[in-house]
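K.L.:
What follows is a predicted protein model with its sequence.
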Amino acid sequence: MTQGTTTNPNTTTKPSATRWAVMAAYAAALTASTTTVLAYASVTPSVREDFGVTEATVGNLTLLSPLFLVLLGPLSGRFLDRRFDATLAVGAAMIAAGPLLRVVDPSSYRWALAGQVLLAAGTPFVANAITKYPARYFSAQERPTVIALLSASFYAGVLLAAVTGQPLYDRGGINRLVEVHGALGAATGAALLIMVVVVRVPAVVTDPEPAVVRGHLRRTRELWLLGGVMFVLFGLFNAFITWIETVQDHLGNAGFGGPLVIALTLGGITGAITIPGFAARRDARRTALIVISVVQVVGFLAFAATGNRGILLVLAIVVGFFMMAAMPVVFEWSEIHAGIANAASATAFLSIAGNLGGVVFVLAPQLFLDTPRVILVLLAAMSIPGALAALRLPRTPTAHRISD
């Protein structure tokens, strides 16, 4: 059997080389939408003066994305499962137009808000296709790797926003920042839109019979356990990038939070690419999630125990390597469990869980901002339920069927 070809009876079309162009366009859109959503995050103090608002008001722009992922998650999943191409096309158009709206008047908070709302509202209709898109074009053996690459593209967007925000602002102020992000968002969104509407690569795999009746999907114990893992791991990621600068400032490492975020993300991208495929080939997804979760508990306790910059960088790389591998492992597991027909709905459910975890894990440390080591111990303790959820998962993913 040649790579990419499957004897699955649901295979309807010979795999085309164009499917890799489809995935490249989708990965670029994921990266760009993440970067543009975070456009103001790394330059909030400076942008505050341009807008004439408070830092908290600027911060609210970034919070719109997780808010819409929660509010529009079920709707986006349902429409992606029922009318995939049309729904993804609408999402692609929104993530292309949103950053362009901000270019109308880069120093206007109203235009920034309007563009951010359009961008954030379009994100669920793109991001929640992360399992269904590969399922349409790749065999079951290939999907873990493809989903891992797409997950890594999301984290690449976080990294790109972190390392380019300040240099862009330093070179040309808010105008340069907004213009570059507008061009990036428009180009990648338009490329995805063209791929979906004009090129229209035919799906290779179809799944006419849902593995889980859609109305029962969110009642399955397995999906809730996966949601528990996502709640903790995505929550930890958000808490780390939000509070690590504050923590390090209090520990005498002022300005070191940025390098730690970069180290965590670089390690995470590597882990997201390598661990999921390794776990899938050995049918060791549950073991991988258990190890990932335990590493978080131990890693954050280690963060609390040291202030040495070299050790902290190594810890950030190791913790990130395992932390960010969880998302593609969980997503691929959910696609097996829910089936291709319900893949987007399952992804949407998990995205909601992850973003709610982000809110909880970011809010909890606010009570201990003056005691930074307590924050790290708290995050380690809050990671334990993720390990318990992973332990309660079945040894291997089950294709759950419920009769009508």
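P.N.:
Arrived safely. Just so it is clear, the structure is predicted and the values come from calculations on it, not from any experiment.

K.L.:
C-terminal to the longest helix along the chain, which secondary structure element comes first?
P.N.:
The residue-count maximum for a helix in the chain (DSSP state H) belongs to helix 143-194. On the C-terminal side of helix 143-194, the nearest following helix or strand under DSSP states H and E is helix 221-250.

K.L.:
Which element is encountered next along the chain beyond that following helix?
P.N.:
For helix 221-250, the following helix or strand on the C-terminal side (DSSP H and E) is helix 257-281.

K.L.:
on contacts alone, who are the packing partners of the very next helix or strand once past that following helix?
P.N.:
Per DSSP H and E, helix 257-281 leads on to helix 285-305 as the next helix or strand towards the C-terminus. Under the contact criterion of 3 or more Cβ pairs under 8 Å, 6 or more residues apart in numbering; DSSP states H and E, the helices and strands touching helix 285-305 comprise helix 221-250, helix 257-281, helix 309-323, helix 326-338, helix 372-391. (Glycine included, C-beta is placed from N, CA and C.)

K.L.:
give the contact list for the residue nearest the centre of the chain.
P.N.:
Closest to where the C-alpha atoms of the chain average out (Cα atoms, centre = their mean) is F154, at 5.2 Å. With contacts defined as Cβ atoms under 8 Å, 6 or more residues apart in numbering, F154 is in contact with 30-31, 34, 127, 130, 327.

K.L.:
Next, give me the two most distant ones among those residues.
P.N.:
Using Cβ to Cβ, the pair of the contacts of F154 lying farthest apart is T31 and M327, separated by 14.6 Å.

K.L.:
Out of the helices and strands packed on helix 285-305, which one sits most buried?
P.N.:
Comparing the helices and strands packed on helix 285-305 by mean neighbour count (mean count of other Cβ atoms under 10 Å), helix 326-338 ranks first with a mean of 29.

K.L.:
and the angle from that one to helix 221-250?
P.N.:
Angle of helix 326-338 versus helix 221-250, following axes from the mean of the first three to the mean of the last three Cα atoms, to 10 degrees, is 170 degrees.

K.L.:
what helices or strands is the helix or strand that helix 326-338 is followed by leaning on?
P.N.:
For helix 326-338, the succeeding helix or strand toward the C-terminus, using DSSP H and E, is helix 343-363. For helix 343-363, the elements it packs on are helix 55-71, helix 73-82, helix 109-127, helix 132-137, helix 221-250, helix 326-338, judged by 3+ Cβ pairs under 8 Å, 6+ apart.

K.L.:
For helix 343-363, C-alpha coordinates in CSV please.
P.N.:
Included here for helix 343-363 are C-alpha records, laid out as CSV according to Å, rounded to 0.1, in the frame of the first residue of the first chain:
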residue,chain,number,x,y,z
ALA,A,343,-14.9,15.5,14.6
ALA,A,344,-15.5,19.2,14.6
SER,A,345,-18.1,19.0,17.3
ALA,A,346,-15.8,17.0,19.5
THR,A,347,-13.0,19.5,18.8
ALA,A,348,-15.2,22.4,19.7
PHE,A,349,-16.1,20.8,23.0
LEU,A,350,-12.5,20.3,23.8
SER,A,351,-11.6,23.9,22.8
ILE,A,352,-14.3,25.2,25.1
ALA,A,353,-12.8,23.1,28.0
GLY,A,354,-9.3,24.3,27.2
ASN,A,355,-10.4,28.0,27.1
LEU,A,356,-12.4,27.7,30.3
GLY,A,357,-9.3,26.3,31.9
GLY,A,358,-7.3,29.2,30.6
VAL,A,359,-9.7,31.6,32.4
VAL,A,360,-9.6,29.6,35.7
PHE,A,361,-5.8,29.2,35.7
VAL,A,362,-5.2,32.8,34.9
LEU,A,363,-7.6,34.1,37.5
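
K.L.:
which of the residues in that helix are buried?
P.N.:
Of the residues in helix 343-363, those buried by neighbour count under the rule 16 or more other Cβ atoms under 10 Å are 343-358, 361-362.
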